[in-house]
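Trainee: Turn this into a structure:
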Amino acid sequence: MWQQWLLGITPAWAAAQLEVTPRGFTGHEHVDEMGLIHMNGRIYDALLGRFLQADPFVEDTTTLNRYTYVHNNPLAYTDPSGYFSLKKFFRIAAAVAISVYTGGLAAGKFAIFGTTLTATGAKFAAAVIGGAITGAISAGSVEGALWGAFAGAVFFGIGQQFAGTAGDGGVFGTSYTGPELARASVAHGVAGGTIAELQGGKFGHGFLSAGVAKAATPAAMSVSKDVFVQGAAVAIVGGTTSRISGGKFANGAVTAAMSYAFGTLAQRTGRAVGSRSGSGADPVEVPDELDVEESGFPTAADAAKAAGARYGQIGVDSRREVQLGIVKLGDNNFGYLTPGWGSVGSDIVDPSGLLSAYRAAGHEPFAWMHGHFDGQLNFSANDFWMAWERSGSTYLVNRNLEVRRLRNHHLQSALRNVPRHYPGGLAGLQRYYAQDGIPGDTL
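Mentor: Numbers count the residues shown, from 1 in each chain. Predicted coordinates:
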């Protein structure tokens with residue numbers, strides 16, 4: 001019966017179907033009297049089993065055969081235009097989206113069942129599970145899922161290493177200096193190359209895909225604050241780099257996406273949720289005695305600068321966030337209170353216990369002061385609440401020992417840039433500025 005189709009002879013049982021539609025199994029128009037299939041972009045000869053025109057896009061770089069149809073596997077793939085497989089494209093898109101989403105879960109940008117991940121173990125699990133799903137989608141096999149899980153774990157581990165050492169550079173406004181970005185790019189490249197070689201591919205393809213994609217990440221982050229746009233941009237860079245170097249676009253794109261999702265996005269721990277309490281936030285350690293530590297400053301900003309000079313370096317050295325209240329004692333007389341400290345390494349700190357203790361001791365804070373010991377130089381999303389709710393000011397001392405001030409008018413001005421499809425008010429601000437934060441004023 002198959003031979004009849006090849007010779008252009010339409011079987012009797014199929015004649016009735018031709019009266020309904022001239023399209024065949026893959027949805028293309030069949031020109032049976034000539035034994036051809038018209039695929040719009042090109043014409044396919046069923047007898048030869050080949051296209052009559054070469055594909056301008058090399059579908060299979062392993063054979064460089066530009067005349068085949070979806071890798072000679074029409075049962076698994078279709079090619080509506082005669083140029084590429086939409087199923088393969090959607091696989092890549094889905095794999096990139098899943099990796100970015102799970103990386104966002106690890107970063108605390110998204111919540112799952114109303115819960116934001118805060119523990120390192122939970123973040124690591126999100127990276128591993130996300131990598132497994134990504135690998136399963138892109139490869140379509142259990143083996144692909146296992147390699148994806150391994151890649152998620154490796155990139156997450158590398159991200160953990162470099163997240164704590166990133167400096168303040170100005171590489172497209174990120175916290176990476178040029179040398180730091182170079183080291184991180186090499187580390188990501190080595191990981192990508194090693195994974196590619198273990199899977200039977202070439203080290204160079206994986207190295208270039210992951211390494212170049214990591215180097216391009218700051219540029220992608222400067223283009224948009226949307227993590228899915230950033231992930232797509234990085235994936236395109238990685239896929240294109242892989243294709244240029246002789247590898248497959250799909251492999252390079254997925255590797256680059258996982259490098260970004262688990263090695264970069266997932267490391268923005270705590271800066272995305274905007275939580276000051278609950279959701280696993282670390283309670284501030286409240287001192288036994290609370291008092292005004294120093295006073296006589298003409299403005300709250302001067303008191304904040306003095307507190308930053310006194311406690312900022314301690315926070316950076318100990319990797320603990322300092323939290324303290326600024327009080328107004330009279331006209332042109334401000335001071336700062338005994339500070340509380342977060343746990344070592346914790347960057348989601350709940351100051352509500354300290355605030356309650358201040359009030360119980362008879363101190364009502366006029367403003368708030370806290371520290372960032374990590375690479376975040378700006379006010380992060382979980383810092384907005386004080387300036388938003390109290391319409392006052394909150395101060396920050398960052399790892400460069402710069403003291404900055406965030407006022408309500410900064411938030412109102414930033415609110416104008418939030419797209420309409422985002423939530424309104426504080427929630428929209430926290431989501432839109434989750435990665436880069438808001439700089440405020442440098443004092």
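Trainee: Run through the helices of the stretch 1-150 of the chain in chain order.
Mentor: Ranges of helices within the stretch 1-150 of the chain are 2-6, 12-20, 86-107, 120-139, 142-163, based on DSSP state H, counting those that start in this stretch.
Trainee: Name the residues of stretch 425-441 that are buried.
Mentor: Using 16 or more other Cβ atoms under 10 Å as the burial criterion, the residues of stretch 425-441 that qualify are 426, 428-438, 440. Bear in mind the C-beta positions are built from the backbone N, C-alpha and C, glycine included.
Trainee: Turn the helices of the stretch 1-150 of the chain into a markdown table, including mean neighbour count, distance to Asn65 and mean pLDDT.
Mentor: Listed next are the helices of the stretch 1-150 of the chain as a markdown table, based on neighbours: other Cβ atoms under 10 Å; distance: least, Cβ to Cβ, whole Å; pLDDT from 0 to 100:
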| stretch | mean neighbour count | distance to Asn65 | mean pLDDT |
| --- | --- | --- | --- |
| helix 2-6 | 11 | 20 | 49 |
| helix 12-20 | 10 | 30 | 62 |
| helix 86-107 | 22 | 16 | 82 |
| helix 120-139 | 22 | 22 | 85 |
| helix 142-163 | 21 | 24 | 82 |
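Trainee: Next, format the ones you listed as TSV and append distance to His28.
Mentor: Listed next are the helices of the stretch 1-150 of the chain as TSV, based on distance: least, Cβ to Cβ, whole Å:
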stretch	distance to His28
helix 2-6	14
helix 12-20	14
helix 86-107	13
helix 120-139	26
helix 142-163	29
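Trainee: Mind checking the ones you listed for the one nearest to Ala46?
Mentor: helix 2-6 (5.8 Å; Cβ to Cβ).
Trainee: Look through the protein and tell me its longest strand.
Mentor: Criterion DSSP state E: the longest strand present in the chain is strand 322-330.
Trainee: for the record, mean pLDDT for the helix or strand just after that strand?
Mentor: Past strand 322-330, further along toward the C-terminus, the next helix or strand under DSSP states H and E is strand 333-337. Model confidence over strand 333-337 averages 94 on the pLDDT scale.
Trainee: Just list what strand 333-337 packs against, helices and strands only.
Mentor: Applying 3 or more Cβ pairs under 8 Å, 6 or more residues apart in numbering; DSSP states H and E, one finds that strand 333-337 contacts strand 292-297, helix 300-318, strand 322-330.
Trainee: mind redoing it with 10 Å?
Mentor: Packing partners of strand 333-337 (3 or more Cβ pairs under 10 Å, 6 or more residues apart in numbering; DSSP states H and E): strand 292-297, helix 300-318, strand 322-330, helix 352-360, strand 367-371.
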